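**Student:** Structure of the sequence below:
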Amino acid sequence: MEPIIKIRGLTKIYQSKQRVGLFRSRTKEVVALQDVDLDIFPGESFGLLGPNGAGKTTLIKCLTTLLLPTRGTAWLNGHQLERAENAIRASIGCMLMGERGLYWKLTGRENLDFFGALYQIPPDARQAQADQIIARLNLDEIIDRAVETYSSGQKMKLAFAKALLNAAPILILDEPTNTLDLTSARELRAVVRELNRQGRTVVYTTHVMSEAEELCDRVAIVDRGQVIALGTLAELKASLNREGVTKVEGVIPEAAFRAARALDGVMRAALSSKDGMQELVVVSPNPRALLPQLIRALMDNGATLEQIAPTEVTLEDVFIAKTGRTLAEDTREK
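**Tutor:** Numbers count the residues shown, from 1 in each chain. The predicted structure follows:
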């Protein structure tokens, strides 16, 4: 089967100025994407999973013609980047992270009508399509208010509605549940699943592991501008079959983390915080044999342990095994 999205050697390098004195600066290169190769097939729900700053949004902006790649190219729905930009834009519905793609002085309905006109949808069909989307996303109560009165979550829902207007074969969603409450996020994911079942190709970027596991047939794990793992959920989890994952919850000082990471048999370890507690994830070839040493190393260095147990492998465990960091870590250039 021919890919509906084919990416070859896609690279994006930014030039930034870095001050080195009061009146002097030097040019610094920031590699946002590096030689990305991907094939995404018709009807697939494909996830781009990685922490903030991994390069996911840069990749999406290149695919949607908002950024020119430094080198490499891609084809979407048979059209090549830089040669058929209008045809590519007609082939995609796109929702980028953030709220800047809307006109705040217009109402939600006026925004949908305006963008429908840009897609050259006839007025009658445009209104019918907008009405259907408004009902589907439960936007009736806010659709005739100016967008500047919307909450951040309401703006995100309207941006999602805009992405559905042209009924394009490719739907590209960049962190679409960002700022949404739990109920709205659940509703949005349900719509995405249904559209995918109807045959739409979905490209879904997220740093939330559970979303990728719920929605995606295949996942590319992206880190520092590179694809470090690619496959179905089962394939990625099976890649850790020869290793085991142990999770420890409690109060874990930095000294205890360093001691645990230095143990023989520890392949990767990552520490994250949540609600005043820490979670330590340890990847090792023999978790059961390592457990006594791990407990001793943590407690001898001031840790207070609340829970410790082997656990089922998740996509985040795959990311930790590849990088030694969690998905919560922000890898953007400061």
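
**Student:** Next up, the contacts around D144.
**Tutor:** Residues in contact with D144 (CB atoms under 8 Å, 6 or more residues apart in numbering) are T107, G108, R109. Every residue, glycine included, has its C-beta placed from N, CA and C.

**Student:** Which of those residues fall in helices?
**Tutor:** Among those, the ones falling in helices (DSSP state H) are G108, R109.

**Student:** Looking at the contacts of D144, spot the one nearest F319.
**Tutor:** Checking the contacts of D144 against F319 with CB to CB, the nearest one is G108 at 36.9 Å.

**Student:** and the closest one, how many neighbours does it have?
**Tutor:** Counted with other CB atoms under 10 Å, residues neighbouring G108 total 25.

**Student:** Counting neighbours, what do you get for R71?
**Tutor:** Neighbours of R71 under the rule other CB under 10 Å: 11.

**Student:** Tell me what it is bridged to.
**Tutor:** Beta-bridge partners of R71, counted by DSSP bridges, are T11.

**Student:** Please tell me how far it sits from Y14.
**Tutor:** Going from R71 to Y14 by CB to CB, to the nearest Å gives 14 Å.

**Student:** Then T70?
**Tutor:** According to CB to CB, T70 and Y14 sit 9 Å apart.

**Student:** what about those two, which has more around it?
**Tutor:** Legend: neighbour count by other CB under 10 Å for T70 and Y14, higher for T70 (17 against 13).

**Student:** and the nearest residue to the more buried one once chain neighbours are set aside, which of the three is it?
**Tutor:** Residue nearest to T70 in three dimensions, not counting chain neighbours: I13, with 4.6 Å by CB to CB, 6 or more residues apart in numbering. Three-state assignment for I13 (DSSP: H, G, I helix; E, B strand; the rest coil): strand.

**Student:** Neighbours of I13, how many?
**Tutor:** As a burial measure, I13 scores 14 neighbours (other CB under 10 Å).

**Student:** Please give me every residue in contact with it.
**Tutor:** E29, V30, V31, A32, T70.

**Student:** Could you find which two of those residues are furthest from each other?
**Tutor:** V30 and T70 (11.1 Å).

**Student:** follow-up on the earlier one: just curious, which of the contacts of D144 is nearest to V266?
**Tutor:** Ranked by distance to V266 (CB to CB), the contacts of D144 are led by G108 at 52.1 Å.

**Student:** Which parts of the chain are helices?
**Tutor:** Under DSSP H, the chain gives helices at 56-63, 85-91, 108-118, 123-136, 152-164, 182-197, 209-215, 233-238, 254-261, 287-300, 315-323.

**Student:** could you redo these as JSON lines and give each row mean pLDDT and distance to S273?
**Tutor:** Compiled in JSON lines, the helices of the chain are given as follows (pLDDT from 0 to 100; distance: least, CB to CB, whole Å):
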{"stretch": "helix 56-63", "mean pLDDT": "94", "distance to S273": "23"}
{"stretch": "helix 85-91", "mean pLDDT": "94", "distance to S273": "42"}
{"stretch": "helix 108-118", "mean pLDDT": "95", "distance to S273": "38"}
{"stretch": "helix 123-136", "mean pLDDT": "95", "distance to S273": "38"}
{"stretch": "helix 152-164", "mean pLDDT": "94", "distance to S273": "24"}
{"stretch": "helix 182-197", "mean pLDDT": "94", "distance to S273": "21"}
{"stretch": "helix 209-215", "mean pLDDT": "88", "distance to S273": "17"}
{"stretch": "helix 233-238", "mean pLDDT": "84", "distance to S273": "25"}
{"stretch": "helix 254-261", "mean pLDDT": "94", "distance to S273": "11"}
{"stretch": "helix 287-300", "mean pLDDT": "91", "distance to S273": "16"}
{"stretch": "helix 315-323", "mean pLDDT": "78", "distance to S273": "15"}
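
**Student:** neighbours around E29, how many?
**Tutor:** There are 9 residues near E29, going by other CB under 10 Å.

**Student:** got the contact list for A185?
**Tutor:** Contacts of A185 by CB under 8 Å, 6+ apart are T177.

**Student:** any idea how far F23 is from it?
**Tutor:** Per CB to CB, A185 is found 49 Å from F23.

**Student:** And for K157?
**Tutor:** 48 Å.

**Student:** Of these two, which one has the most company?
**Tutor:** K157 (22 against 6).

**Student:** what bridges to the residue positioned nearest the centre of the chain?
**Tutor:** In the chain, the residue lying closest to the centroid (CA atoms, centre = their mean) is T206, at 2.1 Å. With beta bridges defined as DSSP bridges, T206 has these partners: L49.

**Student:** Please verify my assumption that it contacts E214.
**Tutor:** No: judged on CB atoms under 8 Å, T206 makes no contact with E214 at a distance of 10.0 Å.

**Student:** so what's the residue nearest to I133 when sequence neighbours are not counted up against?
**Tutor:** Spatial nearest neighbour of I133, excluding adjacent residues (CB to CB, 6+ apart): A161 at 4.8 Å. With CB under 8 Å, 6+ apart as the criterion, the residues that contact A161 are G108, L112, A130, I133, I134, L137, L139.

**Student:** For M299, see how far away the residue nearest to the centre of the chain is.
**Tutor:** 36 Å.

**Student:** now swap in L236 and tell me
**Tutor:** Taking CB to CB, one finds L236 at 33 Å from M299.
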